[in-house]
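A.B. asks: this one's sequence-less:
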């Protein structure tokens, strides 16, 4: 491709006059590719004039090649880059963070008054509990998370389409019953990520006392996986051999690694796709998104693992009751309008070339919001008597907040002091709150050195001990 040289030597100086970095975008090359403009986008500004969005996470920049690109969204345009040298420039309107990589001790400081922060976090809450606390999530002005309350919800990210759910049952009930008579357990557990916040293995271990469970992963393993499938057992993809293997089971234990509203992964959607019944724990509001009111067995609906086992045994022995859980394969039996509307209204797609992916979609969301904010600020400066100053958005705990991890089975007070789960996850959760409060303090004091985080955390602890915080 032909490359054009672009000299952006007209970037505004940063807010802090003492710091005058050279323009990071000077002499930078941009591929001269045609960019799509939405039907309402008449933005003809040059790249020199566009607001800049900075992707802060080094390994995540949804453009190729290079580290800078012009994006033309539905009604306006932005310049996006992963080059951190633009952090302090006035044209850098927003910094976009990938939640898993966000670290309080590496935050871009000082936080400038004219900049907003945006959070993209589609992964497990266990990856970064700082985002589950008010002081952490309030740092962000825009959010894209798995929770429906976020600004750009990714709740159905693991569900490609309605057609994915409607795929015919992979293994017939007659074949599953034949396999049961030959000794196949009714329940499958396939997990190699052990020692997680949800403490799922503790629950499954107790459940195994009351019903047969074939466990092929590294966690609670009691069955060898066929050698040709060993490389696919932990994959989130859908390798045909692996899919055929797990589809033989009537029930799939689908326990997420973290518990949080709307956190639902392939562990839930894949058995539904295959025509198996998920036995689910993770999002406490999972029923809000199911095809109907009898397509998933929710673990938390049962008072004990034994009660759950007794229920699964009854379903296993009663074909009429079991097939009720597969009625959603008939589109007429999908009665959940929230699910249907959620799939229909989302602007991003999963493996759908006709729609943007959710990274580019959120990027455009931030771009549109920032252009609207900047326009409102200009209008206010021009006529402060006639217009109101724009109010910045601020994320709330509903955009991400996940609860303190609790034992998968039993009471936390009954766990021995040397319990591995107890030593890791509750501490991680509360230490993340310390870091969130420390970063909030750094920003409030206009600090420019993020290594001072630990000093601020210590000061907060001392103040709290004295009853002053």
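C.D. replies: Great, that's in hand. The structure displayed is predicted, hence computed values, not measured ones.
A.B. asks: For the residue nearest the centre of the chain, which residues are in contact?
C.D. replies: Ranked by distance to the mean C-alpha position of the chain (CA atoms, centre = their mean), the top residue is residue 122 at 1.5 Å. The contact partners of residue 122, taken as CB atoms under 8 Å, 6 or more residues apart in numbering, are 99, 144-146, 154, 157, 358. Bear in mind the C-beta positions are built from the backbone N, C-alpha and C, glycine included.
A.B. asks: Of the residues you listed, which is the most crowded?
C.D. replies: Neighbour counts for the contacts of residue 122 were taken using other CB atoms under 10 Å; the highest belongs to residue 145, with 30 neighbours.
A.B. asks: Give me the pLDDT value at it.
C.D. replies: Residue 145 carries a pLDDT score of 98 in this model.
A.B. asks: likewise residue 20?
C.D. replies: pLDDT, residue 20: 27.
A.B. asks: Show me where the stretch 51-200 of the chain has its helices.
C.D. replies: For the stretch 51-200 of the chain, helices defined by DSSP state H, counting those that start in this stretch occupy the ranges 134-137, 162-166, 173-181, 200-207.
A.B. asks: The ones you listed: which one's closest to residue 394?
C.D. replies: Residue 394 lies closest to helix 134-137 among the helices of the stretch 51-200 of the chain, at 9.0 Å (CB to CB).
A.B. asks: model confidence over that closest one, on average?
C.D. replies: Computed over helix 134-137, the mean pLDDT rounds to 98.
A.B. asks: For it, buried residues please.
C.D. replies: Along helix 134-137, these residues count as buried under the neighbour rule (16 or more other CB atoms under 10 Å): 135-137.
A.B. asks: for stretch 243-257, same thing?
C.D. replies: Burial within stretch 243-257, assessed by neighbour count using 16+ other CB under 10 Å, is assigned to 245-257.
A.B. asks: quick one, what contacts the nearest residue to residue 58 once chain neighbours are set aside?
C.D. replies: Once flanking residues are discounted, residue 58 sits nearest to residue 82: 6.8 Å by CB to CB, 6 or more residues apart in numbering. When contacts are counted by CB under 8 Å, 6+ apart, residue 82 touches 54-55, 58, 60-61, 67-68.
A.B. asks: Touching, residue 131 and residue 395? I think so.
C.D. replies: No. Contact criterion CB atoms under 8 Å: residue 131 and residue 395 do not qualify, at 9.2 Å.
A.B. asks: anything in contact with each of those two?
C.D. replies: Contacts common to residue 131 and residue 395, judged by CB under 8 Å, 6+ apart, are 119, 137.
A.B. asks: tell me which element the residue nearest to residue 302 when sequence neighbours are not counted falls in.
C.D. replies: If you skip the residues right next to it in sequence, residue 302 has residue 308 as its closest partner in space, 4.1 Å away by CB to CB, 6+ apart. Element membership for residue 308 (DSSP states H and E) is helix 305-317.
A.B. asks: What helices and strands are in contact with that helix?
C.D. replies: For helix 305-317, the contact count by 3 or more CB pairs under 8 Å, 6 or more residues apart in numbering; DSSP states H and E identifies helix 200-207, strand 251-255, strand 277-281, strand 297-298, helix 319-324 as packing neighbours.
A.B. asks: could you give the mean pLDDT of the shortest one?
C.D. replies: Okay, so that is strand 297-298. 99.
A.B. asks: what's that strand packed up against?
C.D. replies: In terms of contacts (3+ CB pairs under 8 Å, 6+ apart), strand 297-298 is packed against strand 277-281, helix 305-317.
A.B. asks: Over to the third one?
C.D. replies: With contacts defined as 3+ CB pairs under 8 Å, 6+ apart, strand 277-281 has these neighbours: strand 251-255, helix 266-274, strand 297-298, helix 305-317.
A.B. asks: Report the distance from that strand to the chain centre.
C.D. replies: 20 Å (CA atoms, centre = their mean, to the nearest Å).
A.B. asks: Next: the second one.
C.D. replies: From the chain centre to the centre of strand 251-255 is a distance of 21 Å (CA atoms, centre = their mean).
A.B. asks: Please enumerate residues in contact with that strand?
C.D. replies: 186-191, 198, 200, 203-204, 207, 213, 246, 267-268, 270-271, 276-282, 297, 299, 312, 315-316, 408.
A.B. asks: for the third one, same thing?
C.D. replies: Contact with strand 277-281 is made by 187, 198, 200, 203, 250-256, 259, 267-268, 271-272, 286, 295-300, 308, 312, 315, 322, 325-326, as judged by CB under 8 Å, 6+ apart.
A.B. asks: angle of that strand against helix 305-317?
C.D. replies: With axes from the mean of the first three to the mean of the last three CA atoms, to 10 degrees as the criterion, the two stretches strand 277-281 and helix 305-317 enclose an angle of 170 degrees.
A.B. asks: Can you list the strands that strand 277-281 pairs with?
C.D. replies: Next to strand 277-281 in the sheet, as set by DSSP bridges, lie strand 251-255 (parallel), strand 297-298 (parallel).
A.B. asks: Could you check these and tell me which one is nearest residue 166?
C.D. replies: Residue 166 sits nearest to strand 251-255 of all the strands paired with strand 277-281, at 18.3 Å, using CB to CB.
A.B. asks: what mean pLDDT does that closest one have?
C.D. replies: Strand 251-255 comes out with an average pLDDT of 99.
A.B. asks: what mean pLDDT would you report for stretch 224-240?
C.D. replies: Summarised as a single mean, pLDDT over stretch 224-240 is 77.
A.B. asks: That one: end-to-end distance?
C.D. replies: The straight-line separation of the ends of stretch 224-240 (CA to CA, to the nearest Å) is 19 Å.
A.B. asks: show me what contacts residue 169?
C.D. replies: Counted by CB under 8 Å, 6+ apart, residue 169 has contacts 274-275, 326, 329.
A.B. asks: Pick the one among those closest to residue 461.
C.D. replies: Minimum separation from residue 461 among the contacts of residue 169 (CB to CB) is found for residue 274, which lies at 50.4 Å.
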